[in-house]
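> give me the fold of what follows.
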Amino acid sequence: MSLMLQEIHEQPEAIRRTLDRNAAQVSALCEEIKRREIRMVTIAGRGTSDHAAILGRYLFEVVNGIPASLAAGSVLTMYGTWPRVDSSLVIGISQSGESREVVEVLQRSREMGALTLGITNCADSGVANTAEHVLLLHAGAEKSVAATKTYTATLAALYSIVAGLPGNHPLAEGLAGKVAQVPELISKVLGMTAEIEQRMERYRFMKKCIVVSRGLNMATAYETALKMCETGYIVARGFSAANLMHGPVASVDPGSTAFLFAPSGQVLENLRQTARVLDEKGIEQVVVSSDPDVLGVAATPVRIPFAVDEAVSPFVYIVAGQLMAHALAVGRGCDPDHPRGLQKVTYTR
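Numbering: from 1, shown residues only. Below you'll find the predicted structure:
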């Protein structure tokens, strides 16, 4: 078994530890957010951490009604300036804790009076030593270059904050309890490993594809595409279903492949429409869903055989995406643990 697959299967316990061991820290952070009347959230990260940030932005805005943005690190590191963040929560995400621009964003933001939070898997790191508050992932050492368990552990940390703050949206209802059930849901997806591997055999010679979803799972599409790129050397690009229709769909040739994540909830009908458009264009689809209508247009349906609340669907669907990416890499004869030209810690500024 590859390290990547082993770490994919470690995710239920990694998430349990992250939730259990950060309860006091999350409570203290949420109290300070309320006390300081934080009005904005800015999240910094690169690669997989940036995809976690994308989902975090959705959660803060939808569940808590707090405007959120993704930090453009180059504003600080390349152009030497930084916007006013004195009434903001600035979150820096880095599994290694050593992403230089994330550390610099946290440092400058703290100097400017922002409330700062570092989310990292490494206690003795630049991120942990710079931020005012720290949530450690407790995921255990991640030895594969491709980040898997640190991604979902990061999501767990973000969800715990969102669940600890006031929220009026329907997705806020019972959110903490739903997050507590995530390890069990992921274990069910892991039980589909052999099925997913078998279904991916058809695509082992695929050179390019698109990966599509929307809403909370837009990050799932981006992260799955990244995993396909880095482990299987497939030219994969993630899209919001809405953005895909604003031009890029014209470049998708008949006979090419699209992976579609279509969870139940507010975005499902839109994704059904997307699936129909792609089908009309002659694009072969791999559809991950529990909805029979959207699965019906798939050349390769991957049915999620259990109920998943939309609020926590990103955990379930990204694990399916990780398993697909791993199966494709192995089927193509690639080493998913040691992608060419990559290393575990990427130093960019």
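> going forward, measure contacts and count neighbours with C-alpha atoms only.
Noted.
> pull out the buried residues from stretch 329-344.
329-332, 334-339, 344 (16 or more other Cα atoms under 10 Å).
> can I get stretch 207-226 as CSV, trimmed to CA atoms?
The C-alpha trace of stretch 207-226 is given here as CSV (Å, rounded to 0.1, in the frame of the first residue of the first chain):
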residue,chain,number,x,y,z
LYS,A,207,-4.2,12.8,-20.5
LYS,A,208,-6.5,15.6,-19.5
CYS,A,209,-9.9,16.2,-17.9
ILE,A,210,-12.0,18.8,-16.1
VAL,A,211,-13.3,18.4,-12.6
VAL,A,212,-16.5,20.3,-11.8
SER,A,213,-18.7,21.1,-8.8
ARG,A,214,-20.2,24.2,-7.1
GLY,A,215,-20.8,25.9,-3.8
LEU,A,216,-19.2,24.2,-0.8
ASN,A,217,-17.7,21.5,-3.1
MET,A,218,-16.1,23.9,-5.6
ALA,A,219,-13.0,23.4,-3.4
THR,A,220,-13.5,19.6,-3.8
ALA,A,221,-13.2,20.0,-7.6
TYR,A,222,-10.1,22.1,-7.3
GLU,A,223,-8.4,19.8,-4.8
THR,A,224,-9.3,16.7,-6.8
ALA,A,225,-7.8,18.2,-9.9
LEU,A,226,-4.7,19.1,-8.1
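> could you list the low-pLDDT ranges of this structure?
For the chain, the stretches with pLDDT under 70 are 341-349.
> need the residue closest to the centroid of it.
Ala52 (4.1 Å; Cα atoms, centre = their mean).
> what helix or strand does that one sit in?
helix 48-59 (DSSP states H and E).
> farthest pair in the buried residues of stretch 329-344?
Gly331 and Lys344 (22.7 Å; Cα to Cα).
> so for Thr148, what's the nearest residue that isn't a sequence neighbour?
Leaving aside its sequence neighbours, Thr148 sits nearest to Ile8 (Cα to Cα, 6 or more residues apart in numbering; 5.9 Å).
> quick one: contacts of the helix or strand harbouring the one you found?
Here Ile8, judged by DSSP H and E, is contained in helix 3-9. Residues from elsewhere that reach helix 3-9 (Cα atoms under 8 Å, 6 or more residues apart in numbering): 142-144, 146, 148-149, 187, 190, 319, 322-323, 326, 336-337.
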